[in-house]
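Peer 1: model this:
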Amino acid sequence: MIRRGWAVRRASAHVLLSLLAAALLAGCLKPGSEVQSVEASAAAASGGPAETSKKNTSDTVGVPEATAGVAPEIEGDLAGATEASSGVPFVAKMQASGGSGYDADTVLAVRYGVQEDYERAVIDLGTGWEPAGGVPEWSLVSPEGDGLLRVSLPSASATRVSDGEFGEGLLESFHVVHTPEGGMFVDFFAREAFLYRVLELGDPARLVVDVKPAGEDPKVPLPAEGGNTVLVEPRPHARISDPLIVSGYSRNRDAANTITLIDAEGKVLVRRTVRSNDWNHTWGYFEATLDLPPFSGKGTLKVGTKEAHDDSFEGMKISVWAAR
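Peer 2: So this is what the prediction gives:
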């Protein structure tokens, strides 16, 4: 997979952890505390930049969560999580749902923490920029053997965080995406196949997703990333046929996404430009159905955009194969 800026983000994370270690030696952090960094880009729905918070906090679970987004009044507050999780099993179900109402319309923050045998992601939800009281309707899709877990929030119309990298463990990253039907979804990427459980906490509203390894490798590669483009379908090394459905999300300028399929000899088989439904406030979704001419063997699928200053390609490319 192509992951733009991965080395830079890892270097930033190492610098951050070094600073935290120095603070611990100086007595600024309590011995035994563990902070997981979340490197995120955030944008308010008004179009202006939102703050990104990285702060050591404590909660009733025992290990603090790092925060991406703006939710200072509820950072680290997971009161009730221990009781709510008691007896709730980890599952491998493809779908789940819950919540009620549509009062919460904003993703305030996404938090991440490491527990003894699982990892925790927390979506803080608000009404406007204030914490909401109850968790709104939500649905979850987690294809079997995939490293993708998608939480859809039909009532969400704004977000104060767009994406972020987690640690070096099971959970890799997240993206907040504006859906075509209205609402938003949060995609979580995991490095291995996993089991999950979902907890709802109110006053303030938080949707908690706990994940732990399933003990097996994923059956399909993660979505490919490059530049400001994430390609969800097809996946790297997939076998494709006519018609080909291409879907994903991006933050390319002017929401333009050019999809190009090239055969093994370098001949362009299909080229089409489609627009995503957002790019300024958060990630925008795109989808296209392409009519493919006959071809065989290996092909290259490129999705992205051209840079205005030098006409170079900015995006990702994957190898695909013609279906037999």
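Peer 1: For residue 193, which non-adjacent residue is closest in space?
Peer 2: Closest residue to residue 193 in three dimensions, ignoring its sequence neighbours and counting by C-beta to C-beta, 6 or more residues apart in numbering: residue 214, at 4.2 Å. All C-beta atoms are positioned from the backbone trio N, CA, C, and that covers glycine.
Peer 1: Could you do residue 269 as well?
Peer 2: Leaving aside its sequence neighbours, residue 269 sits nearest to residue 261 (C-beta to C-beta, 6+ apart; 4.6 Å).
Peer 1: Now that neighbour: which helix or strand?
Peer 2: strand 256-263 (DSSP states H and E).
Peer 1: Check residue 83 too.
Peer 2: Secondary-structure element containing residue 83, defined by DSSP H and E: helix 81-85.
Peer 1: Can you name the element that comes right after that helix?
Peer 2: Taking DSSP H and E, what comes next after helix 81-85 is strand 95-98.
Peer 1: Name all residues that make contact with residue 133.
Peer 2: 103, 127, 202, 203, 204, 205 (C-beta atoms under 8 Å, 6 or more residues apart in numbering).
Peer 1: Kindly provide the distance from the first one to residue 204.
Peer 2: Read that as residue 103. Between residue 103 and residue 204 the distance, using C-beta to C-beta, to the nearest Å, works out to 12 Å.
Peer 1: Could you do residue 259 as well?
Peer 2: Distance of residue 259 to residue 204, computed by C-beta to C-beta: 41 Å.
Peer 1: same thing with residue 189?
Peer 2: Distance of residue 189 to residue 204, computed by C-beta to C-beta: 26 Å.
Peer 1: just residue 179 next, same as before
Peer 2: 24 Å.
Peer 1: So the two - more neighbours on which side?
Peer 2: The residue with more neighbours, out of residue 179 and residue 204, is residue 204; 21 against 17, by other C-beta atoms under 10 Å.
Peer 1: now the helices: where do they sit in this protein?
Peer 2: Counting by DSSP state H, the chain forms helices over residues 6-25, 81-85, given from the N-terminal end onward.
Peer 1: lowest-confidence stretch among those?
Peer 2: Mean pLDDT is lowest for helix 6-25 out of these, coming in at a mean of 37.
Peer 1: any idea what sits nearest residue 243, other than its immediate chain neighbours?
Peer 2: Looking at residue 243 with C-beta to C-beta, 6+ apart, the closest residue is residue 289, at 5.1 Å.
Peer 1: now that neighbour, which residues is it bridged with?
Peer 2: Beta-bridge pairing of residue 289 under DSSP bridges involves residue 245.
Peer 1: and it, what does it touch?
Peer 2: The neighbours of residue 289, taking C-beta under 8 Å, 6+ apart as the test, are 243, 244, 245, 246.
Peer 1: Can you pull out the low-pLDDT segments for the stretch 51-200 of the chain?
Peer 2: 51-67, 69-80, 82 (pLDDT under 70).
Peer 1: Just the buried residues of stretch 126-137, please?
Peer 2: Within stretch 126-137, the residues scored as buried using 16 or more other C-beta atoms under 10 Å are 126, 127, 131, 132, 134, 135, 136, 137.
Peer 1: no, scratch that, I was asking about stretch 193-207
Peer 2: Of the residues in stretch 193-207, 193-201, 204-207 count as buried by neighbour count, 16+ other C-beta under 10 Å.
Peer 1: thinking residue 220 is in contact with residue 146, fair?
Peer 2: Yes. In this structure, residue 220 is within contact of residue 146 by C-beta atoms under 8 Å, at 5.6 Å.
Peer 1: The two - which one has more neighbours?
Peer 2: Neighbour comparison, residue 220 and residue 146: the larger count goes to residue 146, with 21 against 17 (by other C-beta under 10 Å).
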